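# Structure for the following, please:
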Amino acid sequence: MYEYIYGKVAEKSLNYVVIDVNGVGYKINTNVFSINGIKEDTAKFFVYLHVREEEQTLYGFLTQEERNMFLRLIAISGIGPKVALAILSTMTVSETATAIITSNVKAFSSVSGVGVKTAQRIILELKERIQKSEEAEGLLLNGNKAQTGAVSEAVSALMSLGYSKAQALRAVNSVAKESLSLEELIVTALKSME
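Numbering: from 1, shown residues only. A predicted model of the protein is given here:
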């Protein structure tokens, strides 16, 4: 129904913002990253209207990528908007995608409200979709359709050093060989980025 809401930031809280659009205040539940990303008096939030019998709630994010990940998460049986929002308040979209691709159950189960079984269900249901979307965006190169083992860990290591996910994927995929150990893969990828 709504694509985005743009207006003056009337109020900011820990988990929501109020956007004033021509005198009407829209309360938008959001994550920490979006709240911290508001740098001006006005903001544009890409929103999702969640409708239940007794209430209608707006959820929104500063980027379409965040909203897309939110929609993927709530499409999973047993994952509601509040749990999806908790995940996206704990991990960035990039970190969430990496945790899914690398089957990192611990990353999800560290989120309040997400147990081991729920984390496994998220990974099981989203892994293939996330890999296909990254491949479509050109982030998986050289025919690597699935990141596994050392490649995934090397990408995570480069991201923890401050490189973007796209940079890390390109660097690792450009030097990935089956004969390289994890450490060799990371060092070689770092050298290729100099």
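# Distance-wise, check the residue nearest to the spatial centre of the chain relative to Asn22.
Closest to where the C-alpha atoms of the chain average out (CA atoms, centre = their mean) is Val93, at 1.5 Å. From Val93 over to Asn22 the distance is 31 Å, taken as CB to CB, to the nearest Å. No exception for glycine: its C-beta is placed from N, CA and C like everyone else's.
# Could you do Gly113 as well?
For Gly113, the distance to Asn22 - CB to CB - is 36 Å.
# Which one's more surrounded, these two?
The neighbour count for Gly113 versus Asn22, taken as other CB atoms under 10 Å, is higher for Gly113 (13 against 6).
# tally of neighbours for Lys106?
10.
# State the helix or strand in which it lies.
helix 105-109 (DSSP states H and E).
# Same check on Val9?
Using DSSP H and E, Val9 falls within strand 4-12.
# returning to what we had before: from what I see, the residue nearest to the centre of the chain and Leu62 are in contact.
No. If you go by CB atoms under 8 Å, Val93 and Leu62 don't touch, sitting 11.0 Å apart.
# Please tell me how far the residue located most distally from the centre of the chain sits from Gln120.
Counting by CA atoms, centre = their mean, the extreme residue of the chain relative to its mean C-alpha position is Gly23, 32.3 Å from that point. As judged by CB to CB, Gly23 and Gln120 stand 47 Å apart.
# Next: Thr96.
15 Å.
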